[in-house]
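1. I need the structure of the sequence given here:
(one chain, ligands or ions: 1)
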Amino acid sequence: MALTGSAPAKAILFGEHAVVYGYPAIALPLPDLRAYAEYQSSDQPLSITSDHKPPPSISSSPAVADLSDPLGAMARHTLRYFGICQARGRIHIRSHIPVASGLGSGAAVSAALGRAIAAMLGRELAKADLNALVYEVEKLHHGSPSGIDNSVVVYEKPVYFQKECRLDFLAIPTPLHLVVADTGLAALTRETVAHVRQLRANQPETANAILRQIGSIAERARSHLESGEARRLGDLMARNHRLLQALELSSPVLDRLFGAALSAGALGAKLSGGGRGGNIIALVDESTSANVERALWLAGAQQVFKSTLYGKATSP
Ligand code: PMV
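-> Take a look at the predicted model:
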């Protein structure tokens, strides 16, 4: 029987980029959009193949695996965590999450792989430990990640995240309907994060004032989210998008999708993730969802996903 690990995509609802500088951010799992890692036994040294990247493979000695390859690195870190140097078998990664699109594909694939390796070894892998392992690999993707992606993907819960603070899980008391539109344009978070770093160096007062405002929006959004005030949340999303525009993180396509969502009746919309490419998330109510979806397709979205979040906050 195949042993499978999986993990969801994620969307940042508020606070990307500002979160890198210590401000709070809110992120949500997208449980219907997932990455899977499937283990099959084999007497060959462990190899990992993937349907969305060239297949890296780890040799019989993970010590010589290419550390710059995130999948190889995740396998190596996980095996080392369990005190294992050599393993046999095949793991195949299948992911429905668009790559480099702000949906946490890298973190989801790593988390799914870590889980499949734990299952292959018949061992438990606590979420806090998996989170730390995935964070290590996120550094290869992003350079200096805040840690928000791995946290939301591993715990698969809405989170209020602030660097070096306790992770808070959020209750969503009334269903939150999201429409996510992917531009199909890949953009490297590493580069957009570097762009903001440069802006802070060149225009510290302006850039820091914008980041501060984004942080205060995320703070206010938390209470609207927990009290189910969707309309206010939507307003804050649009304001957050405009602040990201001011940081030069949007693009003509993202702005077109943003405008299309709002004109079609979305309560709010914003780019989500690193920006420049990637996706727009729109907050809708049930009556406007189909309209917004259609408008996003017509405005050039390459893929559109829907997700509804609802539920109590629970501890890890
Ligand atoms: O592009 P994504 O989905 O990996 O989101 C990155 C979020 C940033 O705040 C831009 C970077 C970070 O490390 O938090």
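
2. can we go C-alpha only for contacts and neighbour counts from here?
-> Fine.

3. which residues does residue 6 contact?
-> Contacts were defined as CA atoms under 8 Å, 6 or more residues apart in numbering; by that measure residue 6 touches 34-37, 108-109, 111-113, 115-116.

4. now, which of those residues sits nearest the ligand?
-> residue 108 (10.6 Å; CA to the nearest ligand atom).

5. tell me the pLDDT at the closest one?
-> According to the per-residue confidence, residue 108 scores 97 in pLDDT.

6. same question, residue 53
-> pLDDT, residue 53: 51.

7. what's the answer for residue 316, then?
-> In this prediction residue 316 is given a pLDDT of 55.

8. what do you get for residue 309?
-> Reading off the per-residue confidence, residue 309 sits at a pLDDT of 89.

9. Enumerate every residue touching it.
-> Contacts for residue 309 (CA under 8 Å, 6+ apart) come out as 172, 175-177.

10. can you redo the contacts of residue 6 as a markdown table with secondary structure?
-> Shown next, in a markdown table, are those (DSSP: H, G, I helix; E, B strand; the rest coil):
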| residue | secondary structure |
| --- | --- |
| 34 | strand |
| 35 | strand |
| 36 | strand |
| 37 | strand |
| 108 | helix |
| 109 | helix |
| 111 | helix |
| 112 | helix |
| 113 | helix |
| 115 | helix |
| 116 | helix |
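
11. want to try JSON lines for those, with neighbour count as columns?
-> As requested, the contacts of residue 6 are exported to JSON lines (neighbours: other CA atoms under 10 Å):
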{"residue": "34", "neighbour count": "22"}
{"residue": "35", "neighbour count": "24"}
{"residue": "36", "neighbour count": "25"}
{"residue": "37", "neighbour count": "29"}
{"residue": "108", "neighbour count": "29"}
{"residue": "109", "neighbour count": "30"}
{"residue": "111", "neighbour count": "30"}
{"residue": "112", "neighbour count": "28"}
{"residue": "113", "neighbour count": "31"}
{"residue": "115", "neighbour count": "28"}
{"residue": "116", "neighbour count": "26"}
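
12. Can you lay out those as JSON lines showing distance to residue 262?
-> Rendered in JSON lines, the data for the contacts of residue 6 read as follows (distance: CA to CA, whole Å):
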{"residue": "34", "distance to residue 262": "27"}
{"residue": "35", "distance to residue 262": "30"}
{"residue": "36", "distance to residue 262": "34"}
{"residue": "37", "distance to residue 262": "37"}
{"residue": "108", "distance to residue 262": "29"}
{"residue": "109", "distance to residue 262": "32"}
{"residue": "111", "distance to residue 262": "34"}
{"residue": "112", "distance to residue 262": "35"}
{"residue": "113", "distance to residue 262": "38"}
{"residue": "115", "distance to residue 262": "39"}
{"residue": "116", "distance to residue 262": "41"}
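
13. filter the residues you listed down to the ones near the ligand?
-> Of the entries in the contacts of residue 6, none also sits close to the ligand under the rule CA under 6 Å from any ligand atom.

14. Model confidence at residue 87, what's the number?
-> Confidence per residue is given as pLDDT, and for residue 87 that number is 93.

15. isn't it right up against residue 46?
-> Yes: Residue 87 is within contact range of residue 46, at 5.4 Å (criterion: CA atoms under 8 Å).

16. Just the ones of the contacts of residue 309 in strands?
-> Among these, the members falling in strands (DSSP state E) are 172, 175-177.
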